[in-house]
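> A structural model of the following input is requested.
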Amino acid sequence: MQKIWYASVGVVLFLIVGYVFFSQENPKYPKFIAEKRFEKERFFSTSPQSPFKDKSLVARLAYFAPDVRYKVEARIEILENKTDIDIKTSKGTTETYLKYAYLHFTLAGKGLKLLALRKNRRDPFLWVGFKDETSGKETYGAGRYLDLAYQNGQKKVTLDFNLAYNPYCVYDKTGFVCPIPPRENTLPTRIEAGEKDLRE
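Down below sits the predicted model:
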């Protein structure tokens, strides 16, 4: 059976749990982001669930420097008509998600929005796959992901693009099936935060 992208949920949950203790004003924020990246790399280097078959390749991971300007608050617009959406995957198949909400936010003076999806109504996360003007250049061409802890009725959420991560199929194209961000989640700006494409 092929592995699927949410095999990384343990790492994501670890990031989120630690993250909620740090505010935008916290002077230790860059250190916090660095520590989260260190823990991720340690997991990739030691865990049998690592997407890296060759653990030495973990050294090719690359990131933008932590930048608090890419940590923004977003207003959640819950969709009244929550329809299913078929999302294409890296294997040419499709996975069904629930179109759940739009996240409205401002970044560098621009009003932007992203479509947030859920696997089902009980999913404790909002999944946001996105592309931006770094995609295919500094970052993975098919886009990056954010997973946001969410409770029903929540009005706002923090979007921290410093925590944007690559799907596992970046590291193992044959072993993982990764959903491709919907076209409307292509941001008309550069998101110089989070994980970059693998170093050559």
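
> burial check on residue 84, number of neighbours?
By the criterion of other C-beta atoms under 10 Å, residue 84 has 10 neighbours. Just so you know, the C-beta spots here come from the backbone N, C-alpha and C atoms, and that holds for glycine as well.

> how much space between it and residue 178?
19 Å (C-beta to C-beta, to the nearest Å).

> remind me, longest strand of the protein?
The residue-count maximum for a strand in the chain (DSSP state E) belongs to strand 94-107.

> name the residues of that strand that come out as buried.
95, 97-103, 105, 107 (16 or more other C-beta atoms under 10 Å).

> for stretch 168-186, same thing?
Buried, per 16+ other C-beta under 10 Å, within stretch 168-186: 168-171, 176-182, 185.

> stretch 140-150 now?
By neighbour count on 16+ other C-beta under 10 Å, the buried set for stretch 140-150 is 140, 142-150.

> sec struct for residue 121, please.
Secondary structure state of residue 121, per DSSP: H, G, I helix; E, B strand; the rest coil, is coil.

> residues near it, how many?
9.

> list the contacts for the residue lying closest to it once chain neighbours are set aside?
Nearest in space to residue 121, with sequence neighbours left out and distances taken as C-beta to C-beta, 6 or more residues apart in numbering, is residue 98 at 6.7 Å. Applying C-beta atoms under 8 Å, 6 or more residues apart in numbering, we find residue 98 in contact with 82-85, 117-121, 123.

> could you pull up phi and psi at residue 36?
phi -60, psi -40 (degrees, to the nearest 10).

> same thing with the one 4 residues further on?
Its backbone dihedrals place residue 40 at phi -60, psi -50, with angles given as degrees, to the nearest 10.

> try residue 177
phi -110, psi 120.

> that one and residue 148, how far apart?
Distance of residue 177 to residue 148, computed by C-beta to C-beta: 22 Å.

> now do residue 117
11 Å.

> now do the shared contacts for these two.
126-128.
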